[in-house]
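>>> 3D model of this:
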Amino acid sequence: MAFSANDLAKVRFAISPMWEVAPSFRLLTSDAAHPVHRPWIEQVRPRVMAVGLDRGWLAELIGPSGYVPDFLNPAPARPAPTPAAECDAILASPADRVRQDLDHLARHQGHLGPRLSSLHADPTSRLAKVTHEIGTYWELALAPYWARIRAVLDADILHRVRTVAEHGVGHLFNDLHTSVSWDDNALRLIRRKRSMPRQSAGAGLLLIPSAFTGPGLRTRVRPPDPPQLAYPARGVGTLWETRPAIGTCVLSPVLGRSRTLLLTELETPASTTELARRTGLSPAGVSQHLTALRDAGLVSAHRAGRSVLYARTAAAETLLKASST
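Okay, the predicted model is just below:
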């Protein structure tokens, strides 16, 4: 793909929730073991199966391999859009674009199932069902872990921006992935099946770090949007590693012993019942403390079937890290 000075001026990074949805869903619904994401899979897969997401709209749209419809990955309009904003963009997809993507998917899969056939017939009304299921999946599988995932993605972008500042855009591309190279004002993707001519793509380039996209690259070229290039973020290999125990002596006088204990126990998301069992606190006491921590922006709550999972927020992660230094 050739780059003009205008294209280089429009190269930007973005964090996209939807670029995590499709590859993570594919990973959950496959039988393959994964050396990095196994702890996450073991926690999340039972929840996803329990509500039948492995038999719904996403299961038909996101097969075990191959093409994922482009309308599921709208170009991020902001550096870090919310899941709701990206679902709104999916809902706004033109009907003819949705049908084109589904026709392309049918060529890959051999046919469309009943759900996708109805989506092809009436994209305007059926897309709401798709985005509703995406919202359910997000709450079950990704929202409770988003602070941790987001920290990895933010760190990757910070590293890349520093690379540009110190060595220039050419070095950024050459360091992005083994299958990407920058030469003579052109970006080359070694193993991409189809070329990416500039005349068939929008201006600029969107670079999207991803925790779940796997070792390879994923691309989306859909004019007039800028082409998107999703690549594996640095540091993903340590994403689910158990972190060293955090001392509570510094935070306990500020938050109280019980609330500090609950924050440290939320290394992985957990329900009120599970936290009560692990800490020895009463369920009522755990609930009261979690409400206070949530009001303070240190804990988030996520519906998982009949229960609610609590997770540390980015603010809590920062607080705990600062208290351990």
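>>> Stretch 299-313: how far from the chain's middle?
In terms of C-alpha atoms, centre = their mean, to the nearest Å, the centre of stretch 299-313 is found 17 Å from the chain centre.
>>> In CSV, please show the C-alpha coordinates belonging to it.
The C-alpha trace of stretch 299-313 is given here as CSV (Å, rounded to 0.1, in the frame of the first residue of the first chain):
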residue,chain,number,x,y,z
VAL,A,299,-14.7,-1.6,41.6
SER,A,300,-17.0,-2.3,38.6
ALA,A,301,-20.0,-4.7,38.5
HIS,A,302,-20.9,-6.9,35.6
ARG,A,303,-24.0,-9.1,35.2
ALA,A,304,-23.2,-12.8,34.6
GLY,A,305,-26.4,-14.7,34.4
ARG,A,306,-28.1,-14.7,37.8
SER,A,307,-25.0,-13.4,39.6
VAL,A,308,-22.9,-10.2,39.4
LEU,A,309,-19.1,-10.3,39.0
TYR,A,310,-17.0,-7.5,40.6
ALA,A,311,-13.7,-6.4,39.1
ARG,A,312,-11.0,-3.9,39.9
THR,A,313,-11.1,-0.7,37.8
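>>> avg pLDDT for the longest helix anywhere in the chain?
Secondary structure of the chain per DSSP state H: the longest helix is helix 146-167. Mean pLDDT, computed over helix 146-167, is 90.
>>> So what's the gap between the helix or strand following that helix and the chain middle?
Where DSSP states H and E defines the elements, the next helix or strand beyond helix 146-167 is helix 169-176. How far helix 169-176 lies from its chain's middle: 23 Å, per C-alpha atoms, centre = their mean.
>>> For helix 169-176, list every residue counted as buried.
169, 172, 173, 174, 176 (16 or more other C-beta atoms under 10 Å). Just so you know, the C-beta spots here come from the backbone N, C-alpha and C atoms, and that holds for glycine as well.
>>> Run through the neighbouring helices and strands of it.
Using 3 or more C-beta pairs under 8 Å, 6 or more residues apart in numbering; DSSP states H and E, the elements in contact with helix 169-176 are helix 146-167, strand 180-183.
>>> what is the orientation angle of that helix with helix 146-167?
140 degrees (axes from the mean of the first three to the mean of the last three C-alpha atoms, to 10 degrees).
>>> Which residues does helix 169-176 contact?
For helix 169-176, contacts defined as C-beta atoms under 8 Å, 6 or more residues apart in numbering pick out 8, 11, 160, 163, 164, 180, 181, 182, 187, 207, 231.
>>> thinking again about what came up before, could I get the helices and strands packed on helix 169-176 as CSV with mean neighbour count and distance to residue 227?
Shown next, in CSV, are these (neighbours: other C-beta atoms under 10 Å; distance: least, C-beta to C-beta, whole Å):
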stretch, mean neighbour count, distance to residue 227
helix 146-167, 16, 17
strand 180-183, 16, 13
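>>> and those as TSV, adding distance to residue 35?
Formatted as TSV, the helices and strands packed on helix 169-176 follow (distance: least, C-beta to C-beta, whole Å):
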stretch	distance to residue 35
helix 146-167	16
strand 180-183	23
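>>> Export the buried residues of helix 169-176 to a markdown table and append columns for distance to residue 225.
Formatted as a markdown table, these follow (distance: C-beta to C-beta, whole Å):
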| residue | distance to residue 225 |
| --- | --- |
| 169 | 20 |
| 172 | 21 |
| 173 | 20 |
| 174 | 25 |
| 176 | 20 |
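>>> Relative to residue 148, which of those is nearest.
Distance to residue 148 across the buried residues of helix 169-176 (C-beta to C-beta) is lowest for residue 176, with 22.9 Å.
>>> Could you double-check that residue 129 sits in contact with residue 61?
No: checked against C-beta atoms under 8 Å, the pair residue 129 and residue 61 is beyond contact range at 11.2 Å.
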